[in-house]
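[1] predicted model follows, preceded by the sequence.
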Amino acid sequence: MKRLISLTALSIALGCGAADAQYTDGTIKIGVMNDMSGTYSDLSGQGSVVAARMAAEDFGAARKGMKVEIIGADHQNKPDVGSNVVRTWLDVDKVDVIVDVPTSSVALAVNEIVRDKNKVFLVSGAAASDLTGPACTPNTVHWTYDTWALANGTGKAIVKTGGDTWYFLTANYAFGLALERDTAAVVVKNGGKVLGQVRHPFPGTDFSSFLLQAQASKAKIIGLANAGSDTINSIKQAAEFGITSGGQNLAALLAFITDVHALGLRTAQGLIMTEAWYWDLNDNNRNFTKRFAPQYKGIHPTMVHAGVYSAVTHYLKAVEALKSDADGKAIVAKMKEMPTDDTLFGKGTVRADGRKIHPMYLFEVKKPAESKGAWDYYKVRATIPENEAFRPLAEGGCPLVKS
Amino acid sequence: MFEVLGVSSQALFGQLLIGLINGSFYALLSLGLAVIFGMLNIINFAHGAQYMLGAFVAIFLLQYLGLGYWWALVIAPLVVGATGVVVERLFLRWLYQLDHLYGLLLTFGLALMMEGTFRNFFGSSGLPYSVPPSLTGGQNLGFMFLPNYRAWVVVASLTVCLATWFVIERTKLGAYLRAATENPTLVRAFGINVPRMITLTYGFGVALAALAGVMAAPIYNVSPQMGSNLIIVVFAVVVIGGMGSILGAIVTGFGLGLIEGLTKVFFPEASNTVIFVVMAIVLLIRPAGLFGRST
């Protein structure tokens, strides 16, 4: 009973504070949808809900009289499941913004629904660069990274150090195909050659047969255009079949710190990968990690979690400036107009096509001897400045960009 | 050197061998399922979770007790088998008289609970486990590099499969077992403790799953969902082989591994569907499965 009274008191207090702003049904409702149970659930999952909650707390939403509610759902990496959740959220539960959504096939489906309902879509987990290319919408912001940035970072670095013939092992859905396409373009542009590709079903378990095909191609570099446990299994089995010791090298085109943790440094050492964020880069990131990890089974935040934090922060700023969360298009326009600034990603901008711009980093996985312990995995090989990190605005084919 | 549809014989042999290796996992897992279904009439949907449990027990043994792969190969099946015995005593024995559906629902629920619990504590990315030092490296066969560990998997799986088949089909113990499934009352009249025999059979089937889990730990990603990725395929194998047929499970396990391996060369995109296409065709032509007896 006591609890009920205090809850009522709280809602009255919040209600008074929000009286001057126009929030649909009085609440800003943030829906975090991602893979909560499958292969991508460590790199996004419940951790993204934690990150969104931290963003709302740090923003001081309650103090400013904004009532923010955060809910989560599992899309099981299936576009149909994801579409249903989002429709229910937008139509019935009055959710104002959809956040995260790894698995590009799901993200592309959600992208359309959010545009139709004029809400906001903040993508952190999904990779396909189509989201700011042909599929761009005035309601979507693609925050953390994309396939073009990954290809540009890892692909370029490898071709320049002599890895000029490639064979791709590709997850056969929107994300894998986009990553393969973007990387192949980078390889060719930098004077390399693509010898072939094999597309495996997603998710897979045994990659040895695909790896043998890659081995037979005699390519110097086997590009892994997959993610999560598919990448982990590919790397593990490549080591087993003597592919790496036979002179061919692997390029993990998308790998997260959680994947390195699962592989162990003995297998993962020396891998080169492109990421937007690493927990041990500076004090701000380390402080965030100290607060985040205890709320998420000790797992250290990935760039996807950090991206959710940063994106939600900027969204709340835009809503605060507009004093309304009703018109998705207007909010995204405001987000593009205001420069971004938060503790994790620093200063940046959101481009006309919805692409968030910030530097990317080329990391190399440490040798076991170099690591001080669990989660101390990366050393920085290069920083890719923000004006080179993402696809030039004119090349994306986004209809929102007037040439 | 000859070519088949643009694929060199070299690549083809390699793929066939890999198909055989994958087939040995299918065979080992579907064997456990077939034993349980054949003897208990229970469709054990928890089999994938029990396979996952085996792999995790191997990791725990290494982390907390410092016991390596070979110990795990013995201890993990015993431990997981013991949990199977508990499950049988507590839950399954109440279901033998009921429709298959109840056993299926119960074991499916157990599987979800086990996976959920492990995901909660260990996350979904999984944990690393290395190939034992005595089995690292490999042989260059000319047409491919065969890791020693994979060769061991094929040999071990074949041995276990054949031994199980022999015990059940050719020994007195196996004869009791088969008789007990046909007519438990009569077998009891001969002074044989049928309930205990059934309990131990379930424990054995579960132990087989755990054994497969330990063997998979060094080569596949050990994660809570490793079993659910495989279990559907394994069920298809059992259905194709004929529900409850031991020999059927073994032969189709290896056979489908080969078919899948070939698909990975000629049409990789379809490699996870091909088994179900085969299943549909077999069910159309022989509804009881390749080795099943129609009742």
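    Here it is on my side, so go on.

[2] please identify the helix or strand for residue B:213.
    helix B:194-216 (DSSP states H and E).

[3] which elements pack onto the following helix or strand past that helix?
    Using DSSP H and E, the next helix or strand after helix B:194-216 towards the C-terminus is helix B:226-241. Contacts defined by 3 or more CB pairs under 8 Å, 6 or more residues apart in numbering or on different chains; DSSP states H and E place helix B:226-241 against helix B:9-40, helix B:47-60, helix B:100-122, helix B:194-216, helix B:246-266, helix B:274-285. Every residue, glycine included, has its C-beta placed from N, CA and C.

[4] returning to what we had before: buried residues, the helix holding residue B:213. List them.
    In terms of neighbour count (16 or more other CB atoms under 10 Å in any protein chain shown), helix B:194-216 has its buried residues at B:194, B:197-216.

[5] for stretch A:358-367, same thing?
    Those would be A:358-366, for stretch A:358-367 by 16+ other CB under 10 Å.

[6] is that stretch anywhere near chain B?
    No: figure legend: stretch A:358-367 not in contact with chain B (CB under 8 Å from any CB of the partner chain); closest approach 13.2 Å.

[7] again with stretch A:158-175
    Yes: judged by CB under 8 Å from any CB, stretch A:158-175 comes into contact with chain B at residue A:172.

[8] report the rounded mean pLDDT for that stretch.
    Mean pLDDT, stretch A:158-175: 94.

[9] and it, end to end?
    Stretch A:158-175 stretches 21 Å from its first residue to its last (CA to CA, to the nearest Å).

[10] could you dump the helix or strand containing residue A:84 to CSV, C-alpha only?
    Counting by DSSP H and E, the element that carries residue A:84 is helix A:79-91. C-alpha atoms of helix A:79-91 as CSV (Å, rounded to 0.1, in the frame of the first residue of the first chain):
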residue,chain,number,x,y,z
PRO,A,79,12.2,-10.2,-39.8
ASP,A,80,8.6,-11.4,-39.4
VAL,A,81,8.9,-11.6,-35.6
GLY,A,82,10.6,-8.2,-35.5
SER,A,83,7.9,-6.6,-37.7
ASN,A,84,5.1,-7.9,-35.5
VAL,A,85,6.8,-6.6,-32.3
VAL,A,86,7.3,-3.2,-33.8
ARG,A,87,3.8,-2.9,-35.1
THR,A,88,2.3,-3.8,-31.7
TRP,A,89,4.7,-1.4,-30.0
LEU,A,90,3.8,1.5,-32.3
ASP,A,91,0.1,0.9,-32.6
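
[11] from the buried residues of stretch A:358-367, which land in strands?
    A:360-365 (DSSP state E).

[12] excluding its backbone neighbours, what's nearest whichever residue of chain B sits closest to chain A?
    Chain A sits closest to residue B:128 of chain B, with a gap of 3.4 Å, by CB to the nearest CB. Setting aside the residues directly before and after it, residue B:128 is nearest to residue A:264 in space (CB to CB, 6 or more residues apart in numbering or on different chains), at 3.4 Å.

[13] quick revisit: so is the helix holding residue B:213 next to chain A?
    No: Helix B:194-216 does not reach chain A (CB under 8 Å from any CB); its nearest approach is 8.9 Å.

[14] quick one: that helix to chain centroid distance?
    10 Å (CA atoms, centre = their mean, to the nearest Å).

[15] same check, this time on stretch B:164-174
    19 Å.

[16] what residues sit buried inside the longest helix seen in chain A?
    Criterion DSSP state H: the longest helix present in chain A is helix A:303-322. The neighbour-count check on helix A:303-322 (16+ other CB under 10 Å) flags A:303-320, A:322 as buried.

[17] counting contacts, what elements does that helix pack onto?
    Packed next to helix A:303-322, using 3+ CB pairs under 8 Å, 6+ apart, are strand A:28-34, helix A:45-59, strand A:97-100, strand A:120-123, helix A:283-292, helix A:328-337, strand A:340-342.

[18] which stretch among the ones you listed comes nearest residue B:119?
    helix A:45-59 (9.3 Å; CB to CB).

[19] if we can go back for a sec, give me whichever of the helices and strands packed on helix B:226-241 is most buried.
    helix B:47-60 (a mean of 26; mean count of other CB atoms under 10 Å in any protein chain shown).

[20] phi and psi next, for residue A:168.
    With angles defined as degrees, to the nearest 10, residue A:168 sits at phi -100, psi 140.

[21] now residue A:358: how far from residue A:175?
    The gap separating residue A:358 from residue A:175 is 21 Å, by CB to CB, to the nearest Å.

[22] how far away from the center of its chain is the helix holding residue A:84?
    20 Å.

[23] give me the residues contacting it.
    Residues from elsewhere that reach helix A:79-91 (CB atoms under 8 Å, 6 or more residues apart in numbering or on different chains): A:31, A:33, A:71, A:73-76, A:95, A:98, A:101, A:103, A:105-106, A:108-110, A:113-114, A:117, A:119.

[24] please convert the buried members of these into ChimeraX selection syntax.
    Only the buried entries of the contacts of helix A:79-91 go into this ChimeraX selection, using 16+ other CB under 10 Å:
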select /A:31,33,73,74,75,76,95,98,101,103,105,106,108,109,110,113,114,117,119
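
[25] hmm, residue A:235 and residue A:267 touching each other?
    Yes: counting by CB atoms under 8 Å, residue A:267 touches residue A:235, with 6.2 Å between them.

[26] neighbour count for those two, which is higher?
    residue A:235 (26 against 20; other CB atoms under 10 Å in any protein chain shown).

[27] distance of the more buried one from chain B?
    10 Å (CB to the nearest CB, to the nearest Å).

[28] residues contacting that residue?
    A:224, A:250, A:252, A:263, A:267-268, A:271.

[29] pLDDT below threshold where in the chain?
    Chain wasn't specified; assuming chain A. A:1-22, A:403 (pLDDT under 70).

[30] chain B is the one I meant
    B:1-7, B:294-295.

[31] which SSE is the residue nearest the centre of chain A in?
    With distances taken as CA atoms, centre = their mean, the residue of chain A nearest its centroid is residue A:125 (2.8 Å). Using DSSP H and E, residue A:125 falls within no helix or strand.

[32] what's the closest of the ones in strands among the buried residues of stretch A:358-367 to residue A:198?
    Using CB to CB, these come closest to residue A:198 at residue A:365, 24.7 Å.

[33] isn't the closest one up against residue A:270?
    Yes: the pair residue A:365 / residue A:270 is scored as a contact, 6.2 Å apart, by CB under 8 Å.
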